[in-house]
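Q: what follows is a predicted protein model with its sequence.
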Amino acid sequence: MPLELLVEWTIKLLIGFVILMTTVAYLSLFERRMLGFMQMRQGPNRVGPFGLLQPVADGLKFIFKEDITPLAADKFLYVMAPALSLVPALMTFVLIPIGGEMKIPFIDRPIALHVTSVNVGVLAILAMTGMGVYGIVMAGYASNNKYSLMGGLRSSAQLVSYELAMSMSIVGVLLQAGSLDLVKIVANQGGWGGMQWHVFWFQPLGFIIFLISMVAETNRAPFDLPEAESELVAGFHTEYSSMKFAMFFIAEYANMVTASAMATVLFLGGWQGPGVAQLPLLGPFYFVAKMLFFLFLYIWLRASLPRLRYDQLMDFGWKFLLPLALINIVISATVAVVLL
Amino acid sequence: MTFEQILFILFAGIVVGGAASVLLQRNPLYSAFSLITTFVGLACLYVTLKAQFLGVVQIVVYAGAIMMLFVFVIMLLNIRDEDTAVDPNRFLVYLTIPLGAILLGALLYVVTKVNLAQPTGDEGGTVERIGTNLLTKYLLPFEATSVLILMAVVGALHLAKREKE
């Protein structure tokens, strides 16, 4: 393996990690401020200008809190669980292309703005998000607490159910792009002056199904039953404190960021947009803007919709979303054969 | 030792360690988690053999979906250590030795007979090639499997319905 490539990957990984962690930190502030505005109150605005230093203060607070392990907990699994939910959440971002190939001063070959690209990219991301659920299940079991166990069980059932609808909604995009590679899927949406996004071009139904199941997959309101605070205290992370709790928190927000990035890449054309062909530097800006739209949507949903009942959630996933996704596959296949 | 060899030893160690742990753990949930470790190690081995599609499918299907159901059932039933004590019918235990020998013999036979080609290093088309082969060369087994799965689905539906009455 050439040393040059190794250096390039390491630098990209570090940059990606820093960007992801910063986004996660400020996403929490953004969410609290936005929720504040939507509920006619201020939100955290005391630490620094507009509360901009709040994430730093939160991080410091997490580090200095007492780290409690319940006496009856399964010690090994209890410690493993936060790590197991954080690692897959951080790994998935590696595959997301945030821009096209770009010329950078002092380097003679173009640099692609993604860490790595594999020909099974979409599947790899689904696989890694699928592994993240074990952290939640493990936490629920190891805490030795009935609320945690309920949260863990709910989460595993919910994630398996909605993962199905989510994967099925992606199939339409794959048929149209003819590849599982995220870079090629983005490249396929470059027509019409960068506006030929899959959401406009035969996949609006798939987009809606993906959007709904993406919210369910990240355990966010109105599908946040695994941590329903009014019935399960806090669900699977009831017993966790200090940095272990922070790790679950970071994992949840990192998953939100990745899911938003996935939705952007698959349906909203990734970094494509008007004028990108002339000015490649615009690409990452378009990408971030689209991702922010989805992140805002998450917060908006949380502020507006009440939580579903558990049987409603399951009925909705299996009896409505999944058949709809299957219909979408039939339509997409017909379109792909007739028109493409 | 080359880079590939180091990776192989690492992942093979994970696979073998996980498999041994499945047998040695007394808590069924620990066994299930060990099995997941084995599957993930296997997936890594597939990737080092340039079969990314197989590796990822291994994680999605086995480590992700099937093991999730195992873990779900174990947690739901809350099986404790004492429930899983060895069955008093000891002869069943001794039956495992000839059965294991047969399995090992079959595996050894296959390994010695089959021509073990090295991966060609062509990374471009694992998904495409598997898809094309499934729908042309291996169409009959593929369709037969799908009928089998359909039968399982109908059977599961029937069982679930009957319980409701």
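A: Happy to help now that I have it.

Q: any residue of stretch B:142-150 touching chain A?
A: No. Judged by CB under 8 Å from any CB of the partner chain, stretch B:142-150 makes no contact with chain A; its nearest approach is 14.3 Å. Where you see a C-beta, it was placed from the backbone N, CA and C, and this is true even at glycine.

Q: list the contacts of the closest residue to chain B within the stretch 1-150 of chain A.
A: Proximity of the stretch 1-150 of chain A to chain B (CB to the nearest CB) peaks at A:G130, 3.4 Å away. A:G130 makes contacts with A:L159, A:E163, B:I59, B:V60, B:A63, B:G64, B:A65, B:M68, as judged by CB atoms under 8 Å, 6 or more residues apart in numbering or on different chains.

Q: which residues of chain A score low on pLDDT?
A: A:1, A:226, A:228-230, A:340 (pLDDT under 70).

Q: need the residues of it near chain B, please.
A: Residues of chain A lying near chain B (CB under 8 Å from any CB): A:1, A:77, A:118-120, A:123-124, A:126-128, A:130-131, A:133-134, A:137-138, A:140-141, A:149, A:152-153, A:156-157, A:159-160, A:163, A:180.

Q: distance of the nearest residue in space to B:F53 that is not next to it in sequence from A:L292?
A: Nearest non-adjacent residue to B:F53, counting by CB to CB, 6 or more residues apart in numbering or on different chains: B:T126, 4.5 Å away. Per CB to CB, to the nearest Å, B:T126 is found 35 Å from A:L292.

Q: comparing the two, which residue is more hemmed in?
A: B:T126 (21 against 15; other CB atoms under 10 Å in any protein chain shown).

Q: you'd agree the more buried one is up against B:G55?
A: No. Taking contacts as CB atoms under 8 Å, B:T126 lies outside contact range of B:G55: 9.6 Å.

Q: which element is A:W197 on?
A: Using DSSP states H and E, no element contains A:W197; it sits outside every helix and strand.

Q: what about it, neighbour count?
A: Neighbours of A:W197 (other CB under 10 Å): 24.

Q: mind listing what it touches?
A: A:Q189, A:F267, A:L268, A:G269, A:Q272.

Q: same question, A:F236
A: A:I136, A:V137, A:A139, A:G140, A:S143, A:S148, A:G151, A:G152, A:S155, A:P226, A:E227, A:F248.

Q: going by secondary structure, the last one is in what exactly?
A: Right, A:F248. helix A:242-267.

Q: cool, the second one as well?
A: For A:V137, the element it lies in under DSSP H and E is helix A:121-142.

Q: now the next helix or strand after that helix: buried residues?
A: Heading C-terminal from helix A:121-142, the first helix or strand you meet, by DSSP H and E, is helix A:146-177. Across helix A:146-177, burial judged by 16 or more other CB atoms under 10 Å in any protein chain shown covers A:147-177.

Q: now the angle from helix A:146-177 to helix A:242-267?
A: Inter-element angle recorded for helix A:146-177 and helix A:242-267: 20 degrees (by axes from the mean of the first three to the mean of the last three CA atoms, to 10 degrees).

Q: for helix A:146-177, what is the distance to the chain centroid?
A: Taking CA atoms, centre = their mean, to the nearest Å, the mean C-alpha location of helix A:146-177 is offset from the chain mean by 13 Å.

Q: residue 59: neighbouring residues, count only.
A: Assuming you mean chain A. Number of residues near A:G59 (other CB under 10 Å) recorded here: 16.

Q: that was the other one, I meant chain B.
A: Neighbours of B:I59 (other CB under 10 Å): 25.

Q: so who does it touch?
A: A:A127, A:M128, A:G130, A:M131, B:F39, B:V40, B:A43.

Q: just the pLDDT for B:G121.
A: pLDDT, B:G121: 54.

Q: ok, now the one 4 residues further on?
A: Confidence per residue is given as pLDDT, and for B:G125 that number is 53.

Q: same thing with B:L108?
A: For B:L108, pLDDT reads 90.

Q: before we move on, what about the one 3 residues further on?
A: Per-residue confidence (pLDDT) for B:V111: 83.

Q: show me where the chain has its strands.
A: Assuming you mean chain A. Remark: strands assigned in chain A by DSSP state E are A:101-102, A:111-112.

Q: any idea which of those strands is most buried?
A: Most buried of these, by mean neighbour count (mean count of other CB atoms under 10 Å in any protein chain shown): strand A:111-112, with a mean of 16.

Q: measure B:S31 to chain A for me?
A: From B:S31 across to chain A, the span is 13 Å (CB to the nearest CB, to the nearest Å).

Q: test my guess that that residue contacts B:G18.
A: No. Using CB under 8 Å, B:S31 makes no contact with B:G18, being 10.0 Å away.

Q: so B:G55: helix, strand or coil?
A: Under DSSP: H, G, I helix; E, B strand; the rest coil, B:G55 falls in the helix class.

Q: count of neighbours near the residue lying closest to A:T69 once chain neighbours are set aside?
A: Spatial nearest neighbour of A:T69, chain neighbours left out: A:Y78 (6.1 Å); criterion: CB to CB, 6+ apart. Using other CB under 10 Å, A:Y78 has 20 neighbouring residues.

Q: and what of B:R129?
A: 12.

Q: buried set for the helix or strand it falls within?
A: Per DSSP H and E, B:R129 falls inside helix B:126-135. By 16+ other CB under 10 Å, the buried positions in helix B:126-135 come out as B:T126, B:V127.

Q: how about stretch A:218-238?
A: Going by 16+ other CB under 10 Å, stretch A:218-238 has these buried residues: A:218-228, A:232-238.

Q: ditto for stretch A:97-113
A: Taking 16+ other CB under 10 Å as the criterion, stretch A:97-113 shows A:P97, A:I98, A:G99, A:G100, A:A112, A:L113 as buried.
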